[in-house]
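> Sequence unavailable; structure follows:
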């Protein structure tokens, strides 16, 4: 690929990503399409960069709820990565997870489960059982089971994902906080409030330490803990947490959203 094409491709990708983050999907779409065309022409249809461009466009369509447009792109990206890298490459596993996420959003649970399991097996074989990508794959499969109310299947996956992240990333990593939150949500859904509470508290402490008291993720943790107390009728414990979360919003602090 010529240097000018490389620079143009990077610029298009960065601008498209910005538009997508802003919810400006109509502006992002032609940029993603142009990037895909440049990569196909310069690198050929079976290059990993083409698979990545296909995936990015599919992700845009998924966010818009355009599932019928997203699916063939995800499938073509998967086939391209398999051809370019082999069927047992971690990028293939990630592509399987991406397509599974689309099926999950459509309520196609059986289709999603099969892909999540295939992706997990590839990650484990390629990277080992204790790699963070394995934890993410476990989390995806667990989230599917949770949506189906298959709680007995969900819990061991969330626990294993948490253990992997703690060992690989350290006990105070933000991914550990996310795993704690996932497991706490599962216990809350089952009415296991005593099991959920210490997990919520630990997730809150990790996020406060890493992000500061006023970060949106900290506010989410405050609300999670407050919701847990409310579900138990512990309104005196919940109220100050709700108030603190509210006081940290931009409007209450005298600013405007996004300022």
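Cool, got the structure. Only a predicted model underlies this, so the values are computations on that prediction, with no experimental measurement involved.

> Which stretches in the chain count as helices?
For the chain, the helices defined by DSSP state H cover 3-21, 25-43, 48-64, 67-85, 90-105, 109-127, 132-147, 151-169, 174-189, 193-211, 216-231, 235-247.

> Return the residues in contact with the closest residue to residue 113 other than its chain neighbours.
Spatially, and ignoring its direct neighbours in sequence, residue 113 is nearest to residue 144 (5.9 Å; CB to CB, 6 or more residues apart in numbering). For the C-beta atoms, the positions are set from N, CA and C on the backbone; glycine is no exception. Residue 144 makes contact with 100, 104, 109, 112-113, 116 under the criterion CB atoms under 8 Å, 6 or more residues apart in numbering.

> Residue 144 and residue 114: what is the separation?
According to CB to CB, to the nearest Å, residue 144 and residue 114 sit 11 Å apart.

> Domain-wise, how is this protein divided?
Domains of the chain are assigned by automatic domain parsing as 1-106, 158-259.

> Averaging pLDDT over each of those, report the lowest-scoring one.
Mean pLDDT is lowest for domain 158-259 out of the domains of the chain, coming in at a mean of 90.

> residues contacting residue 248?
Applying CB under 8 Å, 6+ apart to residue 248 gives the contacts 213-214, 218-219.

> Recalculate using a threshold of 10 Å.
By CB atoms under 10 Å, 6 or more residues apart in numbering, residue 248 lies in contact with 212-216, 218-219, 222.

> ok, of the residues you listed, which come out buried?
Among these, the ones that count as buried by 16 or more other CB atoms under 10 Å are 218-219, 222.

> List just the nearest of those to residue 155.
Each of those was checked against residue 155 using CB to CB; the closest is residue 222, at 24.8 Å.

> now residue 94: how far from residue 74?
Residue 94 is 11 Å from residue 74, by CB to CB.

> Likewise for residue 16?
Distance from residue 16 to residue 74, by CB to CB: 17 Å.

> Kindly report the same for residue 244.
Distance of residue 244 to residue 74, given as CB to CB: 41 Å.

> Those two: who's more crowded?
residue 74 (26 against 16; other CB atoms under 10 Å).

> Do I have it right that the more buried one meets residue 66?
No. Contact criterion CB atoms under 10 Å: residue 74 and residue 66 do not qualify, at 12.0 Å.

> Between these two, which contacts overlap?
Shared contacts of residue 74 and residue 66, defined by CB under 10 Å, 6+ apart, comprise residue 58.

> returning to what we had before: turn the contacts of residue 248 into TSV, including distance to residue 232.
Listed next are the contacts of residue 248 as TSV, based on distance: CB to CB, whole Å:
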residue	distance to residue 232
212	29
213	25
214	27
215	26
216	25
218	22
219	21
222	16
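
> And those, which is closest to residue 60?
residue 216 (23.2 Å).

> shared neighbours, residue 94 and residue 74?
Common contact partners of residue 94 and residue 74 (CB under 10 Å, 6+ apart): residue 55.

> So for stretch 38-56, what gets flagged as buried?
Within stretch 38-56, the residues scored as buried using 16+ other CB under 10 Å are 38-40, 42-43, 47-56.

> Max pairwise distance over the residues you listed: which two?
Counting by CB to CB, the most remote pair of the buried residues of stretch 38-56 is 42 and 55, 17.8 Å apart.
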